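Undergrad: model the following, please.
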Amino acid sequence: MNILYYKKKLILLTVGILTSYVLPISSVAANSTQVAISQTDHQDRYSLRPAEFKQALAQTDSSMFVMKSYVENIQKQPEIHLESIQMIQDTVGSDMIYHQKTAKENASNWGGVEKVILETNQNIIQFNEQFQSQYEKLSMAIQQKQTGQLQSHLKDLSLFISKNKKESDQLIRMLKEFQSNIEADVIHLKKDVNILMPIINCETGWISNLQNQINTNHEIIKKNKDILWDLISSGRANKDNLADTRKKIAEAEANIQKFKASLSGIQSDVAILTDTQNNMTDMVEAITVAIQALQQISTQWNIIQVKYEAVLKAIDTIDSEMLEWIQSDLTIAQKEWKDLTEYAEQLQGFYTNERE
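TA: The predicted model follows:
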């Protein structure tokens, strides 16, 4: 997986967020009329719109596809035995068996992480439902200049925003712990493979063929998982191209499984550990991008919360012109939250179909 490419996309996203949130005020001040300054200032400080969620959502859901696939592969790995290897001490062999068992257990924790990620994405959909239900009340309060009612409805939404940000932050901590465990497993498995490889080479001279068979198919899997990732994160995914990409991944995975099934003894054990190590190494990269994407989601909730709180603090001093601007912004926000929800539902639909 080209982790640098996805990191670069997230860095550009972050720069875009900070630029749109901080810079327009000074830029417009230098080149526009006072009216334009006022409009830009209002949007920067008081907008009720959903900000930049889409790219972060796409990266998060793409990561889920990739992580889920790697977890399934790890869980399918047969247990190693190491019984026929005379050159390995009992304690070393026991450690290897324990490392594989632990790796499978840690990978199985994906189920809990997956559930929370889906819930975090669902928070956007639920906030939209809350926003749409409050829209008429907010609009009525603005038209009738009932600032007390406006304040009450905005507080309800602000509490919802605060809850969503908190849950996003909790998920990030959970995912970092998951990543830490997987990284430790990769270190152990790599060490185990490095111990076994010289033994194979010494006894059979077969190490090169084993590595080539696994690595060739693994590269096909990586390439097509990158394609899968890009299709989803770019919004170009559909049933046909997803099915075609998944078919290529499945064929390469089947080739590896067939190859491992033809082996026995130490060769089989090394093949199993090598395949597991490859899957877990790539999964760490996917988790890294997922964490960065979720941090962007948390940042978006924070930006929105700051703006809602700014409106609440300004309630007592709001004039007719400001109320008129809020009404206009509210109308735009209603559509943008709806559009974002449809996008989130589309991504969830892709993932739900993948699970079935």
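Undergrad: can you tell me the SS state at L263?
TA: coil (DSSP: H, G, I helix; E, B strand; the rest coil).
Undergrad: isn't it up against A271?
TA: Yes: the criterion here is Cβ atoms under 8 Å, and L263 meets it with A271 at 5.5 Å. Any C-beta I mention is one placed from the backbone N, CA and C, and that applies to glycine too.
Undergrad: looking at those two, which is more packed in?
TA: A271 (25 against 16; other Cβ atoms under 10 Å).
Undergrad: hang on, the more buried one packs against L210?
TA: Yes: assessed by Cβ under 8 Å, A271 is found in contact with L210 at 6.1 Å.
Undergrad: any common contacting residues for those two?
TA: L263 (Cβ atoms under 8 Å, 6 or more residues apart in numbering).
Undergrad: for R236, phi and psi?
TA: phi -100, psi 10 (degrees, to the nearest 10).
Undergrad: next, the buried residues of stretch 164-184.
TA: 164-165, 167-169, 171-172, 174-175, 178-179, 181-183 (16 or more other Cβ atoms under 10 Å).
Undergrad: what does it contact?
TA: 106-107, 109-110, 112-113, 116-117, 119-120, 123-124, 127, 280, 283-284, 287-288, 290-291, 294-295, 297-298, 301-302, 305.
Undergrad: send the alpha carbons of it over as PDB?
TA: Provided in PDB are the C-alpha atoms of stretch 164-184 (Å, rounded to 0.1, in the frame of the first residue of the first chain):
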ATOM      1  CA  ASN A 164     -19.800  13.200  18.400                       C
ATOM      2  CA  LYS A 165     -16.400  14.700  18.800                       C
ATOM      3  CA  LYS A 166     -15.900  12.900  22.100                       C
ATOM      4  CA  GLU A 167     -16.800   9.600  20.500                       C
ATOM      5  CA  SER A 168     -14.400  10.300  17.600                       C
ATOM      6  CA  ASP A 169     -11.600  10.900  20.000                       C
ATOM      7  CA  GLN A 170     -12.400   7.700  21.900                       C
ATOM      8  CA  LEU A 171     -12.300   5.700  18.700                       C
ATOM      9  CA  ILE A 172      -8.900   7.200  17.800                       C
ATOM     10  CA  ARG A 173      -7.500   6.000  21.100                       C
ATOM     11  CA  MET A 174      -9.000   2.600  20.600                       C
ATOM     12  CA  LEU A 175      -7.600   2.300  17.100                       C
ATOM     13  CA  LYS A 176      -4.100   3.400  18.300                       C
ATOM     14  CA  GLU A 177      -4.200   0.600  20.900                       C
ATOM     15  CA  PHE A 178      -5.200  -1.800  18.100                       C
ATOM     16  CA  GLN A 179      -2.400  -0.600  16.000                       C
ATOM     17  CA  SER A 180       0.200  -0.900  18.800                       C
ATOM     18  CA  ASN A 181      -0.800  -4.600  19.300                       C
ATOM     19  CA  ILE A 182      -0.500  -5.400  15.600                       C
ATOM     20  CA  GLU A 183       2.900  -3.700  15.400                       C
ATOM     21  CA  ALA A 184       4.200  -5.800  18.200                       C
END
